[in-house]
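Asker: Give me coordinates for this.
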Amino acid sequence: MSETLETLRARLQNWLSANTTRLPDTVANDMINIVQRELCRKHDLRFAETTDTFATVSGTANYTLPTGWSRPYRLWYTDPDTSNVVQLVSLSKERFDAYYPDSTKTAKPEAYTVWGSNLQLGKTPDRVLTITREYYKMLADLVDGSPNNSNAFTLNAWEVLFWGALVQASMFMFEDARAGSWETWYRRYESDLVSEHARAWSSGRIPQAEVPG
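Answerer: All right, here's what the predicted structure looks like:
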């Protein structure tokens, strides 16, 4: 069973026996989105995986991060001279500055760092390259009306949003004797979701073995 923001909100109000005066729609929406944002920040979930590309500019080291950027997974490009895939090495800002102190020195990039709202490449590109970014993003807040009232969470893991929103509601509305149980159920479904997505990295992969001869 899948849900939408509207049906999740109605379910939340129903469980709390709350009308839209006691729990306004806008507040219920905030609660659901707060839980979604918490999950995206805390865990490396498949729901938050995304891929895009950008073109470098010769002599330019800094590139604005895409909207919703949370944390990187992998950056790579195909070397036009060799056709080999080059995976950029992620460096701390301190190490990046130590290795690439002079941004005017150009070559094919081999590393990157994230500083503020920018992605910095080292060395500074000396040509146009298409770099692929694989990263985790903050999902856009759910809003009323199709198509932005549903996403991977509401389709596949609405229970986590629901129980988490009940926990949020217990802080907003009143002290509810059920709050402890809601917290327990929320953490249970959160743990199950994280385990499911972690298993996805190994399930379906063919075990590698050395064949003699």
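Asker: can you pull the contacts of residue 140?
Answerer: By C-beta atoms under 8 Å, 6 or more residues apart in numbering, the residues touching residue 140 are 68, 148, 151. Every residue, glycine included, has its C-beta placed from N, CA and C.
Asker: Pull out the buried residues from the strand or helix carrying residue 12.
Answerer: For residue 12, the element it lies in under DSSP states H and E is helix 5-15. Neighbour counts using 16 or more other C-beta atoms under 10 Å place 5-6, 8-9, 11-13 of helix 5-15 among the buried residues.
Asker: Show me which of those residues is closest to residue 121.
Answerer: Checking those against residue 121 with C-beta to C-beta, the nearest one is residue 5 at 38.5 Å.
Asker: list the contacts for that closest one?
Answerer: Residue 5 is in contact with 29, 32, 142-144, 149-150, 154, counting by C-beta under 8 Å, 6+ apart.
Asker: 6 Å - rerun?
Answerer: When the contact criterion is C-beta atoms under 6 Å, 6 or more residues apart in numbering, the partners of residue 5 are 142, 149.
Asker: Please report how far it lies from residue 158.
Answerer: Distance, residue 5 to residue 158, using C-beta to C-beta, to the nearest Å: 10 Å.
Asker: okay, the buried residues of helix 5-15 in a markdown table with distance to residue 75 next?
Answerer: Compiled in a markdown table, the buried residues of helix 5-15 are given as follows (distance: C-beta to C-beta, whole Å):
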| residue | distance to residue 75 |
| --- | --- |
| 5 | 33 |
| 6 | 38 |
| 8 | 35 |
| 9 | 38 |
| 11 | 40 |
| 12 | 39 |
| 13 | 44 |
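Asker: Check those against residue 172 and report the nearest one.
Answerer: Ranking the buried residues of helix 5-15 by separation from residue 172, with C-beta to C-beta as the measure, puts residue 12 on top at 11.1 Å.
Asker: Show the contacting residues for that closest one.
Answerer: Counting by C-beta under 6 Å, 6+ apart, residue 12 makes contact with 28, 165.
Asker: top of the contacts of residue 140 by neighbour count?
Answerer: Using other C-beta atoms under 10 Å as the neighbour definition, the contacts of residue 140 reach their maximum at residue 151, which records 18 neighbours.
Asker: Which of the helices or strands spans the residue nearest to it when sequence neighbours are not counted?
Answerer: The shortest distance from residue 151 to any non-neighbouring residue, by C-beta to C-beta, 6 or more residues apart in numbering, is to residue 139 (5.9 Å). According to DSSP H and E, residue 139 maps onto no helix or strand at all.
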